[in-house]
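Enquirer: Got a sequence here, can you model it:
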Amino acid sequence: MARWLIGLLLVSGSSFAGQGLYSLMSSGSYPLPTAMMQQLEQQHEGVISEFEADIEQGELIYEFKMIDPQAKTITEYEYRAIDGSLKEREVGRLKSDDKDELSGVLMLQKIGLSLSDMLALVAKEDAGHIIKAEVDNDLGISYIELELLDIDGKRKLAFDIENKQLLPLLKWD
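Expert: From the prediction side, this is the model:
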């Protein structure tokens, strides 16, 4: 009984956290993540390979990971969504376990699009706030794994980078 109750509380807490994120992102008080992505893409070398919206101590935070294939680096950024100020920046070298993410980034470069461009295409096809996006490559397909949040909760899907379309086989809830 105690385990069941703890499990229920954990699931409920996760649901409330999602609702808090939905409320903040729906308030209209914050810039869209894609707008911040476009600024980051213009100001820095490389390609954004990952995005996540999160709440830290009641504050909406946008986290980005950017890969620079030429310099062989990964830079992680955390921004306060309310004013766009940089909270944290960390630079590291690409490692062998980053190869799938790098393959996806190279496909984005090959077709001449950025992550923000791809997310604009996704937004046309599917409603909801994008709270997580990650470039990946598996089975020879470069795709963006997405997590969307709407009034009904979170859902995940995948978007084929090369063909610019949803991957129905990789759609799950």
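Enquirer: mind listing what A127 touches?
Expert: By Cβ atoms under 8 Å, 6 or more residues apart in numbering, the contact list for A127 reads 148, 150. No exception for glycine: its C-beta is placed from N, CA and C like everyone else's.
Enquirer: rerun at 7 Å
Expert: A127 makes contact with D150, according to Cβ atoms under 7 Å, 6 or more residues apart in numbering.
Enquirer: M25 now?
Expert: Counted by Cβ under 7 Å, 6+ apart, M25 has contacts 53, 129.
Enquirer: Isn't T73 up against R89?
Expert: No. T73 lies out of contact with R89 (Cβ atoms under 7 Å); the separation is 11.9 Å.
Enquirer: Quick one: list the elements packing against the helix or strand where M66 lies.
Expert: M66 is part of strand 59-68 when elements are defined by DSSP states H and E. Applying 3 or more Cβ pairs under 7 Å, 6 or more residues apart in numbering; DSSP states H and E, one finds that strand 59-68 contacts helix 33-43, strand 47-56, strand 73-80, helix 99-111.
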